[in-house]
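Peer 1: could you look at this predicted model? Sequence included:
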Amino acid sequence: KNEVEQSPQNLTAQEGEFITINCSYSVGISALHWLQQHPGGGIVSLFMLSSGKKKHGRLIATINIQEKHSSLHITASHPRDSAVYICAVRNRDDKIIFGKGTRLHILP
Amino acid sequence: GAGVSQSPSNKVTEKGKDVELRCDPISGHTALYWYRQSLGQGLEFLIYFQGNSAPDKSGLPSDRFSAERTGGSVSTLTIQRTQQEDSAVYLCASSLRGEYWDYEQYFGPGTRLTVT
(Lines give C-alpha, C1' and ligand atoms only; values in the text may rest on other atoms or scores of the structure.)
Protein backbone atom coordinates (compact mmCIF):
# COMPACT_ATOMS: atom_id res chain seq x y z
CA LYS A 1 0.00 0.00 0.00
CA ASN A 2 1.37 3.42 -0.94
CA GLU A 3 2.02 5.79 1.92
CA VAL A 4 0.18 8.50 -0.03
CA GLU A 5 -3.07 7.57 -1.73
CA GLN A 6 -5.08 9.83 -3.98
CA SER A 7 -8.65 9.43 -5.12
CA PRO A 8 -10.09 9.34 -7.60
CA GLN A 9 -7.36 8.32 -10.04
CA ASN A 10 -9.33 9.82 -12.91
CA LEU A 11 -12.15 12.31 -12.91
CA THR A 12 -14.20 13.71 -15.77
CA ALA A 13 -16.68 16.49 -15.04
CA GLN A 14 -18.66 19.15 -16.81
CA GLU A 15 -17.57 22.76 -16.81
CA GLY A 16 -18.91 24.55 -13.76
CA GLU A 17 -18.99 21.52 -11.48
CA PHE A 18 -17.47 21.55 -8.00
CA ILE A 19 -14.47 19.23 -7.92
CA THR A 20 -12.96 17.42 -4.94
CA ILE A 21 -9.72 15.47 -5.03
CA ASN A 22 -8.67 13.55 -1.96
CA CYS A 23 -5.30 12.64 -0.50
CA SER A 24 -4.82 10.25 2.40
CA TYR A 25 -1.48 9.42 3.96
CA SER A 26 -0.39 6.83 6.46
CA VAL A 27 2.70 8.51 7.92
CA GLY A 28 3.28 11.43 10.24
CA ILE A 29 4.03 14.49 8.19
CA SER A 30 5.40 17.96 8.62
CA ALA A 31 4.13 19.41 5.33
CA LEU A 32 1.84 18.56 2.44
CA HIS A 33 1.96 20.04 -1.04
CA TRP A 34 -0.57 20.07 -3.85
CA LEU A 35 0.93 20.31 -7.33
CA GLN A 36 -0.65 20.74 -10.74
CA GLN A 37 0.91 19.19 -13.85
CA HIS A 38 -0.46 20.34 -17.17
CA PRO A 39 -0.56 18.09 -20.27
CA GLY A 40 2.63 19.73 -21.54
CA GLY A 41 4.40 18.54 -18.41
CA GLY A 42 4.94 21.82 -16.58
CA ILE A 43 4.43 21.63 -12.82
CA VAL A 44 3.01 24.39 -10.68
CA SER A 45 2.96 24.38 -6.92
CA LEU A 46 -0.58 25.16 -5.79
CA PHE A 47 -0.48 24.96 -2.01
CA MET A 48 1.75 24.06 0.90
CA LEU A 49 -0.20 23.05 4.00
CA SER A 50 0.78 22.10 7.49
CA SER A 51 -2.63 22.77 9.05
CA GLY A 52 -6.05 24.23 8.34
CA LYS A 53 -7.19 25.60 5.04
CA LYS A 54 -5.87 27.77 2.24
CA LYS A 55 -7.68 29.45 -0.64
CA HIS A 56 -6.36 30.86 -3.89
CA GLY A 57 -8.89 32.00 -6.44
CA ARG A 58 -11.18 29.07 -7.23
CA LEU A 59 -8.92 26.59 -5.47
CA ILE A 60 -9.27 25.56 -1.84
CA ALA A 61 -7.06 23.11 0.02
CA THR A 62 -7.76 21.67 3.43
CA ILE A 63 -5.87 19.34 5.69
CA ASN A 64 -6.94 17.34 8.74
CA ILE A 65 -3.80 16.25 10.55
CA GLN A 66 -5.63 13.95 12.97
CA GLU A 67 -7.38 12.10 10.15
CA LYS A 68 -4.29 12.20 7.91
CA HIS A 69 -6.32 13.54 5.04
CA SER A 70 -6.23 16.49 2.68
CA SER A 71 -8.65 17.65 0.01
CA LEU A 72 -8.25 19.93 -2.96
CA HIS A 73 -11.44 21.61 -4.15
CA ILE A 74 -12.02 23.48 -7.39
CA THR A 75 -15.10 25.68 -7.60
CA ALA A 76 -16.73 26.61 -10.92
CA SER A 77 -14.41 24.25 -12.80
CA HIS A 78 -13.20 25.22 -16.26
CA PRO A 79 -11.61 23.23 -19.08
CA ARG A 80 -8.30 24.97 -18.35
CA ASP A 81 -8.32 23.19 -14.96
CA SER A 82 -7.76 19.93 -16.83
CA ALA A 83 -4.48 18.58 -15.50
CA VAL A 84 -2.97 16.01 -13.19
CA TYR A 85 -3.16 17.02 -9.54
CA ILE A 86 -0.48 15.56 -7.30
CA CYS A 87 -0.37 15.35 -3.53
CA ALA A 88 3.01 15.04 -1.84
CA VAL A 89 4.10 14.89 1.79
CA ARG A 90 7.27 15.34 3.74
CA ASN A 91 7.35 12.67 6.45
CA ARG A 92 9.00 12.85 9.86
CA ASP A 93 12.18 11.34 8.41
CA ASP A 94 12.32 14.20 5.91
CA LYS A 95 11.48 11.91 3.01
CA ILE A 96 9.28 13.33 0.29
CA ILE A 97 6.58 10.94 -0.89
CA PHE A 98 4.37 11.61 -3.89
CA GLY A 99 0.90 10.33 -4.63
CA LYS A 100 0.28 8.88 -8.08
CA GLY A 101 -1.86 11.84 -9.08
CA THR A 102 -5.45 12.45 -10.09
CA ARG A 103 -6.10 13.09 -13.77
CA LEU A 104 -8.86 15.68 -14.11
CA HIS A 105 -10.68 16.36 -17.36
CA ILE A 106 -13.21 19.17 -17.48
CA LEU A 107 -15.56 19.06 -20.46
CA PRO A 108 -16.80 22.33 -21.99
CA GLY B 1 11.88 37.98 -13.20
CA ALA B 2 13.01 34.81 -14.89
CA GLY B 3 11.78 31.48 -13.64
CA VAL B 4 13.72 28.31 -13.06
CA SER B 5 15.55 27.24 -16.19
CA GLN B 6 16.99 23.87 -17.09
CA SER B 7 19.31 22.75 -19.83
CA PRO B 8 19.33 20.93 -22.06
CA SER B 9 15.61 20.57 -22.62
CA ASN B 10 16.17 17.24 -24.32
CA LYS B 11 19.12 14.88 -24.20
CA VAL B 12 19.56 11.62 -26.04
CA THR B 13 22.58 9.61 -25.02
CA GLU B 14 23.96 6.16 -25.54
CA LYS B 15 23.99 3.66 -22.73
CA GLY B 16 27.21 3.92 -20.77
CA LYS B 17 27.85 7.61 -21.47
CA ASP B 18 27.92 10.28 -18.77
CA VAL B 19 25.44 13.16 -18.83
CA GLU B 20 25.26 16.45 -17.02
CA LEU B 21 21.99 18.26 -16.43
CA ARG B 22 21.90 21.89 -15.37
CA CYS B 23 19.47 23.89 -13.28
CA ASP B 24 19.43 27.68 -12.88
CA PRO B 25 17.15 28.55 -9.96
CA ILE B 26 15.34 31.81 -9.46
CA SER B 27 17.79 34.44 -8.27
CA GLY B 28 17.87 34.65 -4.49
CA HIS B 29 16.26 31.26 -3.90
CA THR B 30 18.27 29.41 -1.29
CA ALA B 31 16.68 25.99 -1.63
CA LEU B 32 16.95 23.81 -4.72
CA TYR B 33 15.41 20.40 -5.40
CA TRP B 34 15.90 17.72 -8.02
CA TYR B 35 13.14 15.27 -8.95
CA ARG B 36 12.57 12.81 -11.75
CA GLN B 37 9.49 11.49 -13.45
CA SER B 38 9.79 8.30 -15.44
CA LEU B 39 7.43 7.69 -18.36
CA GLY B 40 3.97 7.00 -17.02
CA GLN B 41 5.25 7.04 -13.45
CA GLY B 42 4.90 9.43 -10.59
CA LEU B 43 7.36 11.96 -9.31
CA GLU B 44 10.38 10.84 -7.34
CA PHE B 45 12.46 13.07 -5.08
CA LEU B 46 16.20 12.89 -5.67
CA ILE B 47 18.06 15.52 -3.64
CA TYR B 48 17.71 18.85 -1.88
CA PHE B 49 20.21 21.69 -1.50
CA GLN B 50 20.17 24.30 1.22
CA GLY B 51 22.65 26.80 -0.19
CA ASN B 52 25.51 24.70 -1.52
CA SER B 53 24.98 21.88 0.93
CA ALA B 54 22.97 18.70 0.39
CA PRO B 55 22.11 17.34 3.86
CA ASP B 56 20.72 14.04 2.60
CA LYS B 57 21.77 12.24 -0.55
CA SER B 58 19.89 9.02 0.14
CA GLY B 59 17.24 9.83 -2.47
CA LEU B 60 19.73 9.46 -5.31
CA PRO B 61 18.91 6.16 -7.07
CA SER B 62 22.48 4.84 -7.20
CA ASP B 63 26.09 5.88 -6.80
CA ARG B 64 26.14 6.72 -10.52
CA PHE B 65 24.14 9.83 -9.63
CA SER B 66 25.74 12.89 -8.10
CA ALA B 67 24.75 16.51 -7.73
CA GLU B 68 26.44 19.70 -6.77
CA ARG B 69 25.56 23.32 -6.36
CA THR B 70 28.01 26.17 -6.53
CA GLY B 71 27.74 29.77 -5.39
CA GLY B 72 24.31 29.08 -3.98
CA SER B 73 22.97 29.22 -7.51
CA VAL B 74 23.47 26.84 -10.43
CA SER B 75 23.18 23.12 -9.78
CA THR B 76 24.28 20.21 -11.91
CA LEU B 77 23.01 16.64 -11.74
CA THR B 78 25.49 14.18 -13.19
CA ILE B 79 24.65 10.64 -14.19
CA GLN B 80 27.62 8.42 -14.92
CA ARG B 81 27.50 5.30 -17.10
CA THR B 82 23.87 5.91 -18.01
CA GLN B 83 21.46 2.99 -18.15
CA GLN B 84 18.16 2.72 -19.98
CA GLU B 85 16.26 2.87 -16.69
CA ASP B 86 17.67 6.38 -16.21
CA SER B 87 15.41 7.60 -19.03
CA ALA B 88 13.03 10.11 -17.46
CA VAL B 89 12.22 13.78 -17.18
CA TYR B 90 14.49 15.38 -14.61
CA LEU B 91 12.89 18.35 -12.88
CA CYS B 92 14.45 21.06 -10.81
CA ALA B 93 12.62 23.37 -8.42
CA SER B 94 13.68 26.20 -6.17
CA SER B 95 12.15 27.99 -3.22
CA LEU B 96 12.92 31.26 -1.53
CA ARG B 97 13.50 29.90 1.92
CA GLY B 98 15.71 27.04 2.94
CA GLU B 99 13.58 25.28 5.53
CA TYR B 100 13.35 21.90 3.93
CA TRP B 101 10.36 21.68 1.62
CA ASP B 102 8.18 23.90 3.73
CA TYR B 103 7.83 26.72 1.24
CA GLU B 104 6.28 27.15 -2.19
CA GLN B 105 8.42 25.67 -4.93
CA TYR B 106 8.87 26.93 -8.46
CA PHE B 107 9.51 24.23 -11.02
CA GLY B 108 11.64 24.34 -14.12
CA PRO B 109 10.45 22.88 -17.44
CA GLY B 110 12.54 19.74 -17.02
CA THR B 111 15.16 17.90 -19.04
CA ARG B 112 13.91 14.88 -20.95
CA LEU B 113 16.68 12.28 -20.89
CA THR B 114 16.53 9.33 -23.24
CA VAL B 115 19.14 6.59 -22.95
CA THR B 116 19.37 4.39 -26.04
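Peer 2: It's in.
Peer 1: what pairs with residue 48 across the strands?
Peer 2: As the question left the chain open, I've gone with chain A. Residue A:48 has these beta-bridge partners by DSSP bridges: residue A:33.
Peer 1: nope, chain B please
Peer 2: Going by DSSP bridges, residue B:48 forms beta bridges with residue B:33.
Peer 1: what's the burial count for it?
Peer 2: Residue B:48 has 24 neighbours, counted by other C-beta atoms under 10 Å in any protein chain shown. Backbone N, C-alpha and C define where each C-beta goes, glycine included.
Peer 1: residue contacts, it?
Peer 2: By C-beta atoms under 8 Å, 6 or more residues apart in numbering or on different chains, residue B:48 lies in contact with B:31-34, B:54-56, B:59, B:100-101.
Peer 1: that one and residue B:114: what is the separation?
Peer 2: Going from residue B:48 to residue B:114 by C-beta to C-beta, to the nearest Å gives 26 Å.
Peer 1: thinking again about what came up before, for the contacts of residue B:48, point out the one with the lowest pLDDT.
Peer 2: Lowest pLDDT among the contacts of residue B:48: residue B:100, with 65.
Peer 1: just give me the closest of the contacts of residue B:48 to chain A.
Peer 2: residue B:101 (4.7 Å; C-beta to the nearest C-beta).
Peer 1: break down the chain into its strands, ranges please.
Peer 2: I'll assume chain A. Assigned by DSSP state E, the strands in chain A fall at A:4-7, A:10-14, A:19-25, A:29-37, A:43-49, A:52-56, A:59-64, A:69-74, A:83-91, A:96-98, A:102-107.
Peer 1: um, chain B though
Peer 2: Here chain B has its strands, by DSSP E, at B:5-7, B:10-13, B:19-24, B:31-37, B:43-50, B:65-69, B:75-79, B:88-95, B:106-107, B:111-115.
Peer 1: what residues does chain A put near chain B?
Peer 2: A:30-31, A:33, A:35, A:41-45, A:48, A:50, A:86, A:88, A:90, A:94-101 (C-beta under 8 Å from any C-beta of the partner chain).
Peer 1: are any of the residues you listed buried, and which?
Peer 2: Among the residues of chain A next to chain B, the ones that count as buried by 16 or more other C-beta atoms under 10 Å in any protein chain shown are A:31, A:33, A:35, A:43, A:45, A:48, A:86, A:88, A:90, A:96-101.
Peer 1: quick one: low-confidence parts of the chain?
Peer 2: No chain was given, so I picked chain A. Where chain A drops to pLDDT under 70, the residues are A:1.
Peer 1: wrong chain, I was asking about chain B
Peer 2: For chain B, the stretches flagged by pLDDT under 70 are B:1, B:98-101.
Peer 1: what residues does it have near chain A?
Peer 2: B:42-45, B:56, B:59, B:89, B:91, B:93, B:100-107, B:109-110.
Peer 1: how does it look with 7 Å?
Peer 2: Chain B comes close to chain A at residues B:42-43, B:45, B:56, B:89, B:91, B:100-107, B:109-110, as judged by C-beta under 7 Å from any C-beta of the partner chain.
Peer 1: burial count for residue B:28?
Peer 2: Using other C-beta under 10 Å: residue B:28 sits among 10 other residues.
Peer 1: no wait, residue B:19
Peer 2: Neighbours of residue B:19 under the rule other C-beta under 10 Å: 18.
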